[in-house]
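Student: Just need the structure, nothing else, for what follows:
(one chain, ligands or ions: 2)
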Amino acid sequence: MGDRWVAASSSSSIPVTDPATGQLIGSVPDLGEAETAESISAAVRAQRTWAARTAAERAAFLRRWYDLVMASKADLARIMTFEQGKPLKEAEGEIEYGASFILWFSEEARRLYGDLIPGHQPDKRILVARQPVGVVAAITPWNFPNAMITRKVAPALAAGCAIVLKPAIQTPFSAIALAILAERAGLPAGLFSVITGGAREIGAEMTSNPAVRKLTFTGSTEVGALLYAQCAPTIKKLGLELGGNAPLIVFDDADVDAAVDGTLVAKFRNNGQTCVCANRLYIQSGVYDHFAEALTKKITSLKTGNGFAEDVTFGPLIDNAAVEKVREHITDAIEHGARVLAGGKSHALGGLFFEPTVLTDVTSQMRVVHEETFGPLAPLIRFETEEEVIAAANDTEFGLASYVFTRDVARVFRVSEALEYGMVGVNTGAISTAEAPFGGIKMSGLGREGSRYGLDDFTELKYICLGGIA
Ligand SMILES: NC(=O)c1ccc[n+]([C@@H]2O[C@H](COP(=O)([O-])OP(=O)(O)OC[C@H]3O[C@@H](n4cnc5c(N)ncnc54)[C@H](O)[C@@H]3O)[C@@H](O)[C@H]2O)c1
Ligand SMILES: O=C[C@H](O)CS(=O)(=O)O
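Tutor: Numbering: from 1, shown residues only. Ligands and ions are numbered 1, 2, ... in the order given. Down below sits the predicted model:
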């Protein structure tokens with residue numbers, strides 16, 4: 001916190017529990033406005049020196065941090081499974097994914113080029129420099145408690161910024177572990193602070209403090225809109241990675257087995273608790289029964305349980321509200337005519353475990369088609385024509401991810417270009433990677449993270465007009 005570590009005192013600490021067992025696994029300090037302001041002041045002081053370092057020095061730090069994160073993969077994954085619940089193998093995968101952003105931006109750090117533009121008058125020359133925005137505030141969700149942080153912290157530090165982070169209170173230890181490893185990699189104090197505590201209070205300071213020049217948020221659209229408004233009085237740069245309602249479309253000409261495998265990833269990764277999860281499965285009538293039978297068979301062969309147990313595919317959901325939302329969507333769908341092909345109720349393990357569920361005969365009259373479920377629920381919707389399914393897929397306020405399975409090349413282009421989303425997966429359910437620009441349109445957010453575009457939003461363009469060059 002700021003340039004010092006703060007211990008949790010008994011009177012002001014927040015418990016952290018294991019969603020698989022409900023057991024207490026630790027506690028973190030309940031920090032607030034004062035500590036947030038202190039961290040921002042420390043960031044202001046540290047950032048000036050950091051920006052004056054060479055790009056190669058910043059790149060070298062990021063590479064050391066990457067090496068330490070990868071060397072600590074097993075421990076970081078265990079921390080994640082303990083506090084978030086995802087199966088250990090999936091947690092290890094996230095550590096590698098999160099580390100890939102650190103590696104990517106260790107390389108991008110040295111490519112922060114500007115321009116020398118021919119002058120508009122004989123004695124003029126035009127320079128364009130890319131400079132760090134300064135102090136960045138970041139707020140991240142619980143579902144990817146490592147990668148959602150590195151996807152922000154790495155480009156911020158690469159660009160010469162300092163960053164103050166508020167992680168989700170459900171998963172603070174993943175964030176603290178990353179900060180400890182950054183300190184061990186030689187990051188000077190004040191450049192990367194982790195503030196645990198009340199979201200509203202910390203967020204209020206982050207969004208109102210004029211020293212914060214950019215807010216980068218990953219989470220729900222509802223909270224994103226609130227933070228957007230809170231930042232307006234101080235005109236901050238904004239990065240918003242928000243909610244989704246991804247359609248997954250399978251045409252008659254698709255490889256159905258590949259489409260089922262793609263659905264397992266796009267729908268059930270992290271037990272469906274992923275912003276890019278397929279929320280609606282549109283299956284053309286010619287392959288509908290084949291797809292429904294194959295997906296149901298696959299789902300019922302996979303295991304639900306504690307993420308530390310061998311061969312578990314589905315862990316617990318994060319909390320009771322998440323379980324309730326899945327249950328509400330299933331109940332509403334059945335009341336409006338849907339039928340259950342697999343699952344449909346809380347798992348026999350009890351607690352936060354829920355059966356992976358496949359529904360058939362789903363229609364647009366049901367909540368699950370219009371709201372982000374964020375759980376292991378696959379609603380199948382039958383369609384007849386390409387025009388019909390594009391209209392249905394676009395009939396949402398969200399625009400993050402979408403997926404299409406077809407072997408018709410012309411259709412790949414027609415449908416990809418017609419879908420109103422920031423990202424389209426074609427014949428794959430796995431699209432997230434550091435090399436590609438991740439982000440959405442409409443109510444799914446602003447800006448992109450990762451890729452060669454990922455640094456842009458952490459920099460400001462400065463135009464220098466050189467005159468008197470006779
Ligand atoms: N687009 C993406 O990259 C992406 C990635 C992951 C999750 N998400 C979205 O996030 C949602 C699930 O995550 P969640 O439940 O953590 O979302 P959330 O919006 O409830 O919380 C996200 C973060 O915001 C904080 N927060 C909540 N209210 C706040 C306030 N008033 N002021 C300041 N901070 C506040 C939380 O403590 C947490 O750290 C889903 O909608 C999912 O689609 C999007
Ligand atoms: O929840 C959405 C995150 O962005 C996870 S991922 O980037 O799709 O892996």
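
Student: what does the stretch 1-150 of the chain put close to ligand 2?
Tutor: With C-beta under 6 Å from any ligand atom as the criterion, the stretch 1-150 of the chain comes near ligand 2 at residues 143-144. In this view, the C-beta of every residue, glycine as well, is placed from N, C-alpha and C.

Student: Pull the number of nearby residues for residue 113.
Tutor: For residue 113, the neighbour count with other C-beta atoms under 10 Å is 8.

Student: and the residue lying closest to it once chain neighbours are set aside, helix, strand or coil?
Tutor: Distance criterion C-beta to C-beta, 6 or more residues apart in numbering; nearest residue to residue 113, sequence neighbours excluded, is residue 130 at 7.3 Å. At residue 130 the chain is in strand, as set by DSSP: H, G, I helix; E, B strand; the rest coil.

Student: Roughly how far does the residue nearest the centre of the chain sit from residue 456?
Tutor: The chain has residue 148 as the residue nearest its centroid, 4.9 Å off, counting by C-alpha atoms, centre = their mean. According to C-beta to C-beta, to the nearest Å, residue 148 stands 19 Å off from residue 456.

Student: Give me the distance between the residue in the stretch 251-400 of the chain that ligand 1 sits nearest to and residue 144.
Tutor: Ligand 1 sits closest to residue 275 of the stretch 251-400 of the chain, with a gap of 3.2 Å, by C-beta to the nearest ligand atom. The gap separating residue 275 from residue 144 is 9 Å, by C-beta to C-beta.

Student: Looking at those two, which has the bigger crowd around it?
Tutor: Taking neighbours as other C-beta under 10 Å, residue 275 and residue 144 compare with residue 275 leading, 29 against 26.

Student: surely that one meets residue 245?
Tutor: No. Residue 275 is beyond contact range of residue 245, at 9.9 Å (criterion: C-beta atoms under 8 Å).

Student: what residues are shared contacts of these two?
Tutor: Residues touching both residue 275 and residue 245 (C-beta atoms under 8 Å, 6 or more residues apart in numbering): residue 400.

Student: Grab the nearest non-local neighbour of the closest residue to ligand 2 within the stretch 151-300 of the chain.
Tutor: The minimum distance from the stretch 151-300 of the chain to ligand 2, using C-beta to the nearest ligand atom, falls at residue 275 (3.5 Å). Distances taken as C-beta to C-beta, 6+ apart place residue 244 nearest to residue 275, at 4.8 Å, with adjacent residues excluded.

Student: now the strands for the stretch 51-200 of the chain?
Tutor: Secondary structure of the stretch 51-200 of the chain (DSSP state E, counting those that start in this stretch): strands at 115-118, 125-132, 135-139, 162-166, 192-194.

Student: Who are the packing partners of the second one?
Tutor: When you say that, I think you mean strand 125-132. Contacts defined by 3 or more C-beta pairs under 8 Å, 6 or more residues apart in numbering; DSSP states H and E place strand 125-132 against helix 33-52, strand 115-118, strand 459-466.

Student: which of those is buried the deepest?
Tutor: The highest average neighbour count among those, using mean count of other C-beta atoms under 10 Å, belongs to helix 33-52 at a mean of 19.

Student: That concludes my questions; thank you for your assistance.
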